[in-house]
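A.B. asks: Sequence and predicted structure below; questions after.
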Amino acid sequence: MKYENLPYDLTIPKIGYGTWNVGGGMSPDRSQEERALKAIRHALDIGYTHIDTAEMYASGYTEELVARAIRQSGVPRQRLFITTKLWTNNLRYQDALKACENSLRRLDSDYIDLYLIHWPGDVPLKETFRALNELHAERKILHVGVSNFDLPMLKEAQQLCNAPIVTNQVPYSLHTRRYERNGMLAFCQQHDILLTAYTPVEKGRVAQDATLREIAAKYKATPVQIALAWLIHQPRVIAIPMSQNPKHIEENLQAADLDLEEGDFNLLRG
């Protein structure tokens, strides 16, 4: 596994396990419970240590499933890095405090490793960060980040947060490059902020790329693995692919061990 080492004594794996649609979309799908638990447990069993979830995922049910899978796996909580996110209807000060408590309860944990504002909303960031700073001071959240922020909002968040902004989680993949083109990636790299790539393999569609398939054959890897390796080859970029297929969960993790030659990386970069 490759890691990102941040200057304030924080180390995060380059590949984490994303949980969007594990246990339901915007609402719970309890018919998927056993499949979801098996998927998360398998991820933990084979060595994933960064688990990414959110209170919005299945209306909190996914957080519950993450907690159950951790208990079933026997992996000590302190070995894991759990990210969860504050939804847009909870950005007011009191709502944010309550939402965090609810996530802690569902995750069956005394603390959240990384707590993100999931999407910016109409509430002034100053009010939300008042709550996040308080939660951080109380050690209920150890690190703070954002998701789906544009560059001006990220800079504002830096000014308002009493702790370093760890990440901006955004859609980023071989074919989704707007956060590279708009200067976000370069800014994050210059300021030791992780760009966390969600939907990093475009729900598998990236595998149809002819150049990717050709390079994958060279490395005896899958196109999806090369797409992930291309992302994490970049400094300050990590990825959180999601799958409930055991084979794909394993392949995604193995992508962290691929070392792309600079020529292949640049060919894909275009």
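C.D. replies: That came in fine, so what should we check first?

A.B. asks: Please, where are all the helices along the stretch 51-200 of the chain?
C.D. replies: Under the criterion DSSP state H, counting those that start in this stretch, helices of the stretch 51-200 of the chain are mapped to 61-73, 93-107, 125-137, 151-160, 178-181, 184-190.

A.B. asks: got a list of what Thr62 touches?
C.D. replies: Thr19, Trp20, Val22, Gly23, Gly24, Ala36, Thr53, Ala54 (C-beta atoms under 8 Å, 6 or more residues apart in numbering). Any C-beta I mention is one placed from the backbone N, CA and C, and that applies to glycine too.

A.B. asks: what's the span of stretch 238-254 from first residue to last?
C.D. replies: This stretch, stretch 238-254, spans 14 Å end to end (C-alpha to C-alpha, to the nearest Å).

A.B. asks: what number of residues lie near the closest residue to Asn21 other than its chain neighbours?
C.D. replies: Leaving out its chain neighbours, the residue that sits closest to Asn21 by C-beta to C-beta, 6 or more residues apart in numbering is Met242, at 6.6 Å. Residues lying near Met242 (other C-beta atoms under 10 Å) number 22.

A.B. asks: which residues does the nearest residue in space to Asp108 that is not next to it in sequence contact?
C.D. replies: Sequence neighbours aside, Ala67 is the residue nearest to Asp108 in space, at 4.0 Å (criterion: C-beta to C-beta, 6+ apart). Listed by C-beta under 8 Å, 6+ apart, the contact set of Ala67 reads Arg106, Leu107, Asp108, Ser109.

A.B. asks: ditto for Lys14
C.D. replies: Lys14 neighbours (C-beta under 8 Å, 6+ apart): Met1, Lys2, Tyr3, Glu4, Ile232, Val237, Ile238, Ala239, Ala256.

A.B. asks: Isn't the third one up against Leu10?
C.D. replies: No. Between Tyr3 and Leu10 no contact is recorded; they are 10.0 Å apart, counting by C-beta atoms under 8 Å.

A.B. asks: For the protein, give me the ranges with low pLDDT.
C.D. replies: Counting by pLDDT under 70, the chain contains no low-confidence residues.

A.B. asks: picking up where we left off before, drop anything exposed from the contacts of Ala67.
C.D. replies: The neighbour count (16 or more other C-beta atoms under 10 Å) marks Arg106, Leu107, Ser109 as buried among the contacts of Ala67.

A.B. asks: now, among those residues, which is nearest to Thr211?
C.D. replies: Of all the buried ones among the contacts of Ala67, the one with the least separation from Thr211 (C-beta to C-beta) is Leu107, at 40.5 Å.

A.B. asks: gap between the closest one and Ala36?
C.D. replies: From Leu107 across to Ala36, the span is 15 Å (C-beta to C-beta, to the nearest Å).

A.B. asks: for the residue of the chain most remote from its centre, what are its contacts?
C.D. replies: Each residue of the chain has a distance to the centre, and by C-alpha atoms, centre = their mean the biggest one is for Lys218: 28.9 Å. Listed by C-beta under 8 Å, 6+ apart, the contact set of Lys218 reads Asp264.

A.B. asks: circling back to that earlier point, quick check: the farthest pair among the contacts of Thr62?
C.D. replies: Maximum pairwise distance among those (C-beta to C-beta): 14.5 Å, between Ala36 and Ala54.

A.B. asks: re the thing from before, in contact with the residue nearest to Asn21, which residues?
C.D. replies: Neighbour list for Met242: Tyr17, Gly18, Thr19, Trp20, Asn21, Val22 [criterion: C-beta under 8 Å, 6+ apart].
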